[in-house]
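A.B. asks: coords below, sequence missing:
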């Protein structure tokens, strides 16, 4: 019995246990075969995905998500890190956003925003899924991605100084709030290294991220339990 790829279900989705020694090219073949075998059993559903047993790069994660999409009727709306602290922080941020959905005047988009597509709104936008590379989200208010942000996100186009962008996993091609754009090339390498070291020490390197403007500079920080002091604060930001 091949145990290099194991699919386990849990309350919020599935855990994909992966062999840590196989070359990724071989592992992809086994992942494809496993999901082809399990497609009928898994059925059609929207769920979260957690990787276990092997650390994957962002590109490798995208490859796995593509394989799942091509071989099953599953829709993976977000990827949880297999770290209890990070997962709790991610769930906290998602729950606080979701608690505001019924009270916000913003637009809600359910599903993946594919490559080449553009989503635009005069108000805040909440996306229950991934924003793929080559896709673009434009909002007069704030942007919340309950999934991974691989494409471009432009918030605060109505000159809102309080607009923000948050994502469960933030790896954008471009990021802009108002007239402030995040430029990775402008980040001091020493400061970036120091920040990554501190995040790793605090076990925050894989948790959800928040982008906001402070002193005319776009900053990106991990979402912690103190990021939003209350749901009321988030409601105010999203409205």
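C.D. replies: Now that the structure is in, tell me what you want to look at. Everything quoted here is computed from the prediction, not taken from an experiment. Numbering: from 1, shown residues only.
A.B. asks: Would you mind measuring from the residue nearest in space to the middle of the chain to residue 20?
C.D. replies: The centre of the chain sits closest to residue 148, judged by Cα atoms, centre = their mean, with a distance of 2.6 Å. Distance from residue 148 to residue 20, counting by Cβ to Cβ, to the nearest Å: 22 Å. The C-beta positions use only the backbone N, C-alpha and C, and glycine is treated the same way.
A.B. asks: sorry, back to before: now do the same contact list for the residue nearest to the centre of the chain.
C.D. replies: 61, 78-79, 130-131, 167-171 (Cβ atoms under 8 Å, 6 or more residues apart in numbering).
A.B. asks: Check the gap between it and residue 49 for me.
C.D. replies: 11 Å.
A.B. asks: Surely residue 27 is in a strand?
C.D. replies: No. Counting by DSSP: H, G, I helix; E, B strand; the rest coil, residue 27 is not part of a strand but helix.
A.B. asks: quick one: pLDDT of it?
C.D. replies: On the pLDDT scale, residue 27 is placed at 94.
A.B. asks: thought it was touching residue 17?
C.D. replies: No. Using Cβ atoms under 8 Å as the test, residue 27 is too far from residue 17 to be in contact (11.5 Å).
A.B. asks: Between those two, tell me which one has more neighbours.
C.D. replies: More crowded of residue 27 and residue 17, by other Cβ atoms under 10 Å: residue 27, with 21 against 17.
A.B. asks: Can you give me the distance of that one to residue 79?
C.D. replies: Residue 27 is 17 Å from residue 79, by Cβ to Cβ.
A.B. asks: Repeat that for residue 111.
C.D. replies: 15 Å.
A.B. asks: who has more neighbours, the two?
C.D. replies: Taking other Cβ under 10 Å, residue 111 and residue 79 do not tie; residue 79 has more neighbours (25 against 13).
A.B. asks: on that earlier part again, shared neighbours of residue 27 and residue 17, which are they?
C.D. replies: Contacts common to residue 27 and residue 17, judged by Cβ under 8 Å, 6+ apart, are residue 5.
A.B. asks: what kind of secondary structure is the closest residue to residue 72 other than its chain neighbours in?
C.D. replies: Leaving aside its sequence neighbours, residue 72 sits nearest to residue 39 (Cβ to Cβ, 6 or more residues apart in numbering; 4.5 Å). Three-state assignment for residue 39 (three-state DSSP): helix.
A.B. asks: Check for me that residue 79 belongs to a strand.
C.D. replies: Yes. Looking at residue 79 with three-state DSSP, it is inside a strand.
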